[in-house]
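Asks: Generate a structure from the sequence data that follows.
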Amino acid sequence: MANFNFNKVILGGRLTADPELRQNPSGIAVTSFSIAVNRRFSKNAEQQTDFFNIVAWRQNAEFISRYFRKGSSICVVGTVQNRSWTDQQGQKRYTTEIIVDEAHFVDSKGEGPAAGGAPYTPDSYQTPSFASDASAPKFEEMSNDDDLPF
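Replies: Now for the predicted structure:
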């Protein structure tokens, strides 16, 4: 019998706080944050929301901390990971986190917290700097949403 393991999650939601970029003792960039995800169906017409702890490392951490703020919509693709540790009182603690493999923009121009005056502004995205121009993605400017083919 073959051994089958599959661990992949895709979540779309809004950040509950600004992500803060840190570095671990080895100097690797990391950010931890949570996202609120509305359930597809709700009881008694009340919307229910789940909150997920998210951890991003290296370039993903830098990307998220640079372009996303509290209230920003985000789509993350990653894996579910359980972690345990002993706290200062000697109690064993557990958490379940989503480790980011990919992060994507969800808000379109004029949507999201920017409409409410928050610092998140989709129009201010800047192309990240890359070590070599050959690895830099090529972006095409569009004049407005009327140019979209759908």
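Asks: Show me what the closest residue to Val106 other than its chain neighbours is bridged to.
Replies: Excluding its sequence neighbours, the residue lying closest to Val106 (Cβ to Cβ, 6 or more residues apart in numbering) is Ser73, at 3.6 Å. C-betas here are computed from N, CA, C, even on glycine. Taking DSSP bridges, one obtains Arg14 as the residues bridged to Ser73.
Asks: Run a quick check on Ser73 versus Tyr67, I expect a contact.
Replies: No - using Cβ atoms under 8 Å, Ser73 makes no contact with Tyr67, being 11.5 Å away.
Asks: quick one: common contacting residues for the two?
Replies: Contact criterion Cβ atoms under 8 Å, 6 or more residues apart in numbering; residues shared by Ser73 and Tyr67: Phe105.
Asks: about what we covered before: so what's the residue count around the residue nearest to Val106?
Replies: When neighbours are defined as other Cβ atoms under 10 Å, Ser73 has 20 of them.
Asks: pLDDT score for it?
Replies: In the predicted model, Ser73 carries a pLDDT score of 96.
Asks: now it: how far from His104?
Replies: Taken as Cβ to Cβ, to the nearest Å, the spacing of Ser73 relative to His104 amounts to 10 Å.
Asks: low-confidence ranges in the protein?
Replies: Residues of the chain meeting the criterion pLDDT under 70: 1, 42, 108-150.
Asks: in the chain, which spans are helices?
Replies: Secondary structure of the chain (DSSP state H): helices at 58-67.
Asks: how close does Arg58 sit to Val9?
Replies: Between Arg58 and Val9 the distance, using Cβ to Cβ, works out to 19 Å.
Asks: do the same with Ala61
Replies: As judged by Cβ to Cβ, Ala61 and Val9 stand 18 Å apart.
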